[in-house]
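Engineer: need the 3D shape of this:
(2 chains)
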2 protein chains.
Amino acid sequence: MDRVPVLKLGDILIVSIQIDLQDQSVLALQEDLADKVVATGARGVIIDITAVEIVDSFIGRMLATIAAISRMLDAETVVVGMRPAVAITLVELGLSLGGVRTALNLEKGVALLKHLEAPRITTAAR
Amino acid sequence: MDRVPVLKLGDILIVSIQIDLQDQSVLALQEDLADKVVATGARGVIIDITAVEIVDSFIGRMLATIAAISRMLDAETVVVGMRPAVAITLVELGLSLGGVRTALNLEKGVALLKHLEAPRITTAAR
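Structural biologist: Numbers count the residues shown, from 1 in each chain, chains lettered A, B, ... in the order given. This is a model prediction of the structure:
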């Protein structure tokens, strides 16, 4: 069970991180996500870190990389469910999640993605 | 990280099982879910088992128990993401997921829950 499942809901992919990620499982997750974004044409990726108690530079870089890969494939990434303690640690460590948007929870993440998509849809409709 | 996070999306709770569940974590999950169904007034619970490679009688009983508890609290449970091998094993073992509905994936699970809710909403509207 060391592969993180990628769920699809409409044009959003949802990933809930619950296991301690090792180098290998991070690479697998990045590949799975990239494959699935292309296969499904997803416009958004939501990464839930409710269960993550410690975010170090390794996890921070992983989130930034996933966001960068997704953006290349025309999908926005939102990290949701960050614990207060994690936010405090991130700031104290001076780690910024470069290019990664955050939202309080899954619902707000979905709302944010819908909001981000709106202008693109309008443009396409012209 | 031995607590399975419960995500909320509208009036549906989503649980993605990725860790090997022990007695303790199963009890914690049942409590968390029951608490959250009551706190949020959720009408549906979706349990994703994409990452689960082996479903034995322990997991089967857990799913049935969660479904029974949720039903008491007026929420329907749908298990999604079952692997083909898991379905085969379940049938071969003669394990039926008593009272547990299944759907192929998260999207179909959400659609099933919406379908199940429809008549109740109609009745309430009279």
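Engineer: hey, let's count contacts and neighbours off CA atoms from now on
Structural biologist: Fine.
Engineer: chain A: strands as residue ranges?
Structural biologist: Counting by DSSP state E, chain A has these strands, from start to end: A:6-9, A:12-16, A:44-48, A:76-80, A:101-103.
Engineer: so which of the ones you listed gets nearest chain B?
Structural biologist: strand A:6-9 (5.3 Å; C-alpha to the nearest C-alpha).
Engineer: report all helices and strands that that closest one contacts.
Structural biologist: Strand A:6-9 sits against strand A:12-16, helix A:23-40, helix B:106-125, with contacts defined as 3 or more C-alpha pairs under 8 Å, 6 or more residues apart in numbering or on different chains; DSSP states H and E.
Engineer: quick check, the first one touching chain B?
Structural biologist: Yes - using C-alpha under 8 Å from any C-alpha of the partner chain, we find that strand A:12-16 touches chain B at residue A:16.
Engineer: now do the second one
Structural biologist: No - for a cut-off given as C-alpha under 8 Å from any C-alpha, helix A:23-40 has no contacts with chain B; the smallest distance is 12.7 Å.
Engineer: quick one: that helix to strand A:44-48, angle?
Structural biologist: 150 degrees (axes from the mean of the first three to the mean of the last three C-alpha atoms, to 10 degrees).
Engineer: got the angle for helix A:23-40 vs strand A:12-16?
Structural biologist: Angle, helix A:23-40 to strand A:12-16, by the same axes, to 10 degrees: 160 degrees.
Engineer: circling back to that earlier point, out of the helices and strands packed on strand A:6-9, deepest packed?
Structural biologist: By mean neighbour count, with neighbours taken as mean count of other C-alpha atoms under 10 Å in any protein chain shown, strand A:12-16 ranks first of the helices and strands packed on strand A:6-9 at a mean of 23.
Engineer: centroid-nearest residue for chain A?
Structural biologist: Nearest residue to the geometric centre of chain A (C-alpha atoms, centre = their mean): residue A:47, 3.6 Å.
Engineer: so what's that one up against?
Structural biologist: By C-alpha atoms under 8 Å, 6 or more residues apart in numbering or on different chains, the contact list for residue A:47 reads A:14, A:15, A:16, A:17, A:77, A:78, A:79, A:80.
Engineer: return the helix or strand in chain A with minimum mean pLDDT.
Structural biologist: helix A:106-125 (a mean of 77; mean pLDDT, DSSP states H and E).
Engineer: what about the residue nearest to residue A:53 when sequence neighbours are not counted, distance to residue A:93?
Structural biologist: Leaving aside its sequence neighbours, residue A:53 sits nearest to residue A:86 (C-alpha to C-alpha, 6 or more residues apart in numbering or on different chains; 6.7 Å). Distance of residue A:86 to residue A:93, computed by C-alpha to C-alpha, to the nearest Å: 10 Å.
Engineer: higher neighbour count, those two?
Structural biologist: A count of neighbours by other C-alpha atoms under 10 Å in any protein chain shown puts residue A:86 above the other of residue A:86 and residue A:93, at 17 against 11.
Engineer: surely that one and residue A:51 touch.
Structural biologist: No - the criterion here is C-alpha atoms under 8 Å, and residue A:86 misses it with residue A:51 at 10.8 Å.
Engineer: flag every residue of chain A that's near chain B.
Structural biologist: Counting by C-alpha under 8 Å from any C-alpha, chain A sits next to chain B at A:1, A:3-5, A:7-10, A:16, A:18-20, A:50-53, A:105-107.
Engineer: mark which of those are buried, thanks.
Structural biologist: Using 16 or more other C-alpha atoms under 10 Å in any protein chain shown as the burial test, the residues of chain A next to chain B include A:3-5, A:7-8, A:16, A:18-19, A:50-52, A:105-106 as buried.
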